[in-house]
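Q: just a sequence and a predicted model for now, questions to come.
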Amino acid sequence: MKWADQPMNIDGVAESLLRAHKIAATIPTGPVYVTIDHDL
């Protein structure tokens, strides 16, 4: 896994997803993991 994150607030979700996509698509490509709490 290249990167993992768990945003702590709703504003951080979009930022985390954008960063995850960029990191996953960068060569060498690889999986990333973003955990989003259902309470957000």
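A: Thanks, I have the structure now. Residues are numbered from 1 along each chain as shown.
Q: where does pLDDT dip in the protein?
A: Under the criterion pLDDT under 70, no range of the chain is flagged.
Q: would you map the helices across it?
A: Using DSSP state H, the helices of the chain run over 10-25.
Q: which one is Leu17 nearest to, not counting chain neighbours?
A: Val34 (6.1 Å; Cβ to Cβ, 6 or more residues apart in numbering). Heads up, the C-betas are built off the backbone N, CA and C, glycines and all.
Q: neighbours of that neighbour, just the number please.
A: 16 (other Cβ atoms under 10 Å).
Q: which residues touch it?
A: By Cβ atoms under 8 Å, 6 or more residues apart in numbering, the residues touching Val34 are 4-7, 16-17, 20.
Q: is it in a bridge, and if so with what?
A: Asp5 (DSSP bridges).
Q: reformat the contacts of Val34 as TSV; add neighbour count and distance to Ile27.
A: Converted to TSV, the contacts of Val34 look like this (neighbours: other Cβ atoms under 10 Å; distance: Cβ to Cβ, whole Å):
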residue	neighbour count	distance to Ile27
Ala4	12	19
Asp5	18	20
Gln6	11	26
Pro7	17	26
Ser16	19	21
Leu17	15	20
Ala20	18	16
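Q: and which of those residues is nearest Leu40?
A: The nearest member of the contacts of Val34 to Leu40, counting by Cβ to Cβ, is Pro7 at 7.4 Å.
Q: all set now, cheers.
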